[in-house]
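1. here is my input; please provide its structure:
(one chain, ligands or ions: 1)
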Amino acid sequence: MEILRVENLCKTYGKGEAEVQALKNVSFSLEKGEFAAVIGESGSGKSTLLNCIGALDTPTSGSIFIDGQNLFSMKEEKRTIYRRRNIGFIFQSFQLVSELNVEQNIVFPLLLDYREPDQKRVNEILDLLGLTERRKHLPSQLSGGQQQRVAIGRALITQPKLILADEPTGNLDSKNSQDVMDMLTTASRHYQQTILIITHNKNLTASVDRVFQVSDGVLTDLGGIANETLS
Ligand SMILES: Nc1ncnc2c1ncn2[C@@H]1O[C@H](COP(=O)(O)OP(=O)(O)OP(=O)(O)O)[C@@H](O)[C@H]1O
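-> Residues are numbered from 1 along each chain as shown. As a prediction, the model looks like this:
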């Protein structure tokens, strides 16, 4: 079952001499449960791609379908609600609410949407992410890796169609980076969760099902290759 389809996506910033073609005719799709990574050099267009898919930026042309819904044919208000309910975000800088404990941070997106947390699911997510013992801790009382696990839980709680993560391990050492990748793999398998991440670290792509490379705005599907074959 197809969860994400990107068709002929183009994004151009600026005009005239300042014009930058950040994305050039990008097309690909992801099936339900796929865990995929986008790699590429700085300035190649990775964040622009993720921001367009997450409707945080507007494409110049092309289409993005999430579970068959064309994101940019919706009115802005509908798109905002659709995004909140169907797309989970994980950021490099965790972005947890410092005054809320682990469990409160995880259920926070549901409260924003006036939805009642399902305690069984909350407990299952805490368990899956190894956070049960830390459920009453504040973010400041956690390691970076643990904080990113909370952010993964917060992305999972709404059962989104798609989770987007921009450099989720960018602030972590190698052990915690692998730990976060393992948690994402577990989440992807356990919940058949579709996940798309950006990473600079090619070693981490060994954990994912598919790798895409962006080079000067052009996307290439490298398939499910092992990381040692990446240049
Ligand atoms: N708001 C903007 N206005 C103008 N140009 C932009 C804007 N955002 C990005 N760009 C340009 O678009 C191109 C792609 O940028 P993007 O941030 O997507 O790259 P990236 O691969 O995510 O880089 P990094 O790994 O350094 O985060 C770059 O040339 C960048 O300078």
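2. show me what from the protein comes close to the ligand.
-> Tyr13, Gly14, Val20, Ala22, Gly40, Ser42, Gly43, Ser44, Gly45, Lys46, Ser47, Thr48 (C-beta under 6 Å from any ligand atom). Where you see a C-beta, it was placed from the backbone N, CA and C, and this is true even at glycine.
3. ok, now which ones touch the residue nearest to the first one when sequence neighbours are not counted?
-> Read that as Tyr13. Nearest non-adjacent residue to Tyr13, counting by C-beta to C-beta, 6 or more residues apart in numbering: Val20, 4.6 Å away. Shown in contact with Val20 (C-beta atoms under 8 Å, 6 or more residues apart in numbering): Thr12, Tyr13, Gly14.
4. one step back: restricted to helices, list the residues of the chain next to the ligand.
-> Here DSSP state H is the test, and those give Lys46, Ser47, Thr48 as lying in helices.
5. tally of neighbours for the second one?
-> To tie it back to what came earlier, the one meant is Ser47. 19 (other C-beta atoms under 10 Å).
6. now it. Nearest residue, chain neighbours left out?
-> Per C-beta to C-beta, 6+ apart, closest to Ser47 is Asp166, 6.0 Å.
7. in this structure, which spans are strands?
-> For the chain, the strands defined by DSSP state E occupy 2-13, 20-31, 35-39, 61-66, 69-70, 87-91, 162-166, 194-198, 210-215, 218-223.
8. how much space between the nearest residue to Thr199 once chain neighbours are set aside and the ligand?
-> Closest residue to Thr199 apart from its sequence neighbours, by C-beta to C-beta, 6+ apart: Ala37 at 5.4 Å. Distance, Ala37 to the ligand, by C-beta to the nearest ligand atom, to the nearest Å: 13 Å.
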